[in-house]
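Q: Give me the fold of what follows.
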Amino acid sequence: MSLFGSLFTGVSGLSAQSRAMSVISDNVANVSTVGYKGGVSNFASLVVSPNQQRSFSPGGVQQSTQFLINKQGLVQATSSGTDAAIVGNGFFAVTSQPGGAAPPVYTRAGSFIPDADGFLRSANGFYLLGWKLDTNEQPLDVNVTQPVNVRDLNATTVATSTLKLGANLDSSQVVHAGAYASGDMAEYEATDGASGVAPDFKRQVQVFDSLGNARSITVSFLRTPGAATWSVELYADAADVESGSHTNGLLGSGTVSFNGNGSLAAASITPTFPATATVGDPIGIDWLDTSGSSNSSIVFDWGAIGGTDGLTQFSGESAVSFVNKDGAGFGEFTSAQIDDSAYVEASFSNGEVRRIFQIPIVTFANAAALQPRSGNVFAVTRDSGDPNLQIAGNGGAGQISPSAVEAANVDLADEFTKMIVTQRAYSANAKVITTSDEMLDELMRVKR
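A: Sure thing, here's the model as predicted:
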């Protein structure tokens, strides 16, 4: 009977609107949840007898929930270096267990902090997955991800490999007559002036060996006959190097010359080690075997030929303006951060920064079909397609915004408006039930 059908239709309306209110309440409750993707209610009619034209049997309504997974939330800055937000397409891969027993799930919630064991974990306890990098900062295997650990690191040292000296040599320096043999200035230092030739200008620079020991190299200049030409010698403390490779500590010698405008014209330095070294090769240093340090190879940059970005010769006091070099002594881990290329960087107390992991951005053919799970994560479904691990900013993957998180994509004003509409619709369906009940009661009175 159609009156009973009206009752059941009203009940289906109440059920659908109550589920819609549940979706709204869930959205409002998670308005502060990082990376939360809000849901919307979709309604569809239920038709009992679509082919009957002369009679009508009421059906009802059904409700389904769709999560707005592809809708970007507002990116908000934070003060944590291990927070990251994805701007665009993609997800972070996370797991509930660091041992690899649990399958990965996916999230947009990029708020991670190191736990007691050094693993980067979300507020919901999920472990961030990434590609571990080798010593050359390349992924060990792009097909294998593992939980990102920022404390499973040894202390670090970095041997000096490049050094650039910026200095002016006084053009009014008196020219010394005579010929000078390689090592004269080093011999002067080694014998405390008893022999050899005193340099016109010298400067000690600090470098680091492979064990992080700080070593001193002296760069000495002597004005010699010729068109704006200076003899150059590099030497270390003789007690630090092998005497067979470095007599009196001499590391290399040669000349530098300058153009009429003060710019560098030529630099010809020949290392003393290894024995096969030629002009312009890196300066090899054969550290004393008992030190335990590996041999060093340092590229000295005197500046561009014809330029004034390194050595110059102008009228004025000889002086060093800058020394740019790499290398670092012993350093322990101090902090970690995620950069805008999705690399996890470890910082050490000696100023060294090392990339240790790269975070892949996971994309799907149909991300809207992912299945929501507790903890603000999503699981793969048949309709979503397989996960595709991409480098941030490549292959359709979004960019990384470091020290930021993505807020929930919920609009409170919109939710409150929907709440009013849902409440009215619920009341209207309840009215259908009470009205149908009154009509049935009227029918029952006909028998009297």
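
Q: For R223, give its distance to N248.
A: R223 sits 21 Å away from N248, going by Cβ to Cβ, to the nearest Å. All C-beta atoms are positioned from the backbone trio N, CA, C, and that covers glycine.

Q: how about the helix ranked longest in the chain: buried residues?
A: Looking across the chain with DSSP state H, the single longest helix is helix 412-446. Residues of helix 412-446 classed as buried: E415, K418, M419, T422, A425, Y426, N429, V432, I433, S436 (neighbour count, 16 or more other Cβ atoms under 10 Å).

Q: do the same with stretch 144-161
A: Residues T145, Q146, P147, V148, N149, V150, T156, T157, V158, A159, T160 are the ones in stretch 144-161 that count as buried (16+ other Cβ under 10 Å).

Q: and the end-to-end length of it?
A: Its first and final residues considered, stretch 144-161 spans 33 Å by Cα to Cα, to the nearest Å.

Q: Start at 36, not 1
A: Okay, residue one is now 36; in that scheme the one you just asked about reads as stretch 179-196.

Q: Each with direction, which strands does the helix or strand of the chain with the lowest mean pLDDT pair with?
A: The least trusted helix or strand in the chain, going by mean pLDDT, DSSP states H and E, turns out to be strand 191-193, with a mean of 84. When sheet partners are counted by DSSP bridges, strand 191-193 sits next to strand 363-366 (antiparallel).

Q: Adjacent strands (with direction) for the helix or strand following the partner strand?
A: Remark: after strand 363-366, the chain's next helix or strand is strand 368-373, criterion DSSP states H and E. Applying DSSP bridges to the sheet, strand 368-373 is found paired with strand 378-383 (antiparallel).

Q: immediately after the partner strand, which helix or strand?
A: Where DSSP H and E defines the elements, the next helix or strand beyond strand 378-383 is strand 388-393.

Q: Helix or strand: which one has the nearest residue to A51 once chain neighbours are set aside?
A: Nearest residue to A51, sequence neighbours excluded (Cβ to Cβ, 6 or more residues apart in numbering): Q98, at 3.9 Å. Assigned by DSSP H and E, Q98 belongs to strand 95-102.

Q: And for that strand, what's in contact with it?
A: 43-44, 46-48, 50-52, 54-55, 58, 72-81, 403, 407 (Cβ atoms under 8 Å, 6 or more residues apart in numbering).

Q: Send me it as PDB with only the CA atoms.
A: Extracted in PDB, the C-alpha atoms of strand 95-102 (Å, rounded to 0.1, in the frame of the first residue of the first chain):
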ATOM      1  CA  GLY A  95      13.400   6.100  -1.200                       C
ATOM      2  CA  VAL A  96      16.800   7.600  -1.100                       C
ATOM      3  CA  GLN A  97      20.300   6.200  -0.600                       C
ATOM      4  CA  GLN A  98      23.400   8.100   0.600                       C
ATOM      5  CA  SER A  99      27.000   7.600  -0.300                       C
ATOM      6  CA  THR A 100      30.200   9.400   0.900                       C
ATOM      7  CA  GLN A 101      32.900  10.700  -1.400                       C
ATOM      8  CA  PHE A 102      36.200  11.900   0.100                       C
END
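
Q: Report the buried residues of it.
A: The neighbour-count check on strand 95-102 (16+ other Cβ under 10 Å) flags G95, V96, Q98, F102 as buried.

Q: for those, which one is nearest R480?
A: G95 (28.0 Å; Cβ to Cβ).

Q: Any idea what the closest one is bridged to?
A: With DSSP bridges as the rule, G95 is bridged to L81.

Q: Could you report the pLDDT at P85?
A: Note on P85: pLDDT of 59.

Q: Which parts of the stretch 86-235 of the chain are helices?
A: Along the stretch 86-235 of the chain, the stretches classed as helices by DSSP state H, counting those that start in this stretch are 219-225.

Q: Starting from the lengthiest strand in the chain, tell me which strands it pairs with and how they run.
A: Longest strand of the chain, by residue count under DSSP state E: strand 249-259. If you go by DSSP bridges, strand 249-259 pairs up with strand 236-243 (antiparallel), strand 264-271 (antiparallel).

Q: three-state assignment of G428?
A: Taken by DSSP: H, G, I helix; E, B strand; the rest coil, the conformation at G428 corresponds to coil.

Q: ok now do it, which residues does it touch?
A: S376, Q434, I435.

Q: Counting neighbours, which of the residues you listed end up buried?
A: Q434, I435.

Q: Please list the members of the contacts of G428 that lie in strands.
A: Q434, I435.

Q: Which one of the contacts of G428 is nearest to D321?
A: S376 (38.7 Å).

Q: nearest residue to the closest one other than its sequence neighbours?
A: A427 is the one closest to S376 (Cβ to Cβ, 6+ apart), at 6.3 Å.

Q: now swap in A263 and tell me
A: Closest to A263 by Cβ to Cβ, 6+ apart is F293, at 4.3 Å.

Q: How many residues are close by A136?
A: Neighbourhood size, A136 [other Cβ atoms under 10 Å]: 8.

Q: quick one: A432 and G123 touch, right?
A: Yes. Counting by Cβ atoms under 8 Å, A432 does reach G123; the two are 7.2 Å apart.

Q: And these two? Which one has more around it.
A: A432 (22 against 15).

Q: which ones are touching that one?
A: G123, N124, G125, I396, T398, Q425, I426.

Q: which stretches of the stretch 86-235 of the chain have low pLDDT?
A: Counting by pLDDT under 70, the stretch 86-235 of the chain shows low-confidence ranges at 86-92.

Q: still on that earlier bit, tell me which of the buried residues of stretch 179-196 is nearest to A229?
A: Ranked by distance to A229 (Cβ to Cβ), the buried residues of stretch 179-196 are led by T195 at 31.2 Å.

Q: Give me the spatial nearest neighbour of that closest one, chain neighbours excluded.
A: In this structure, T195 finds its nearest non-sequential neighbour in G362, 3.2 Å apart by Cβ to Cβ, 6+ apart.
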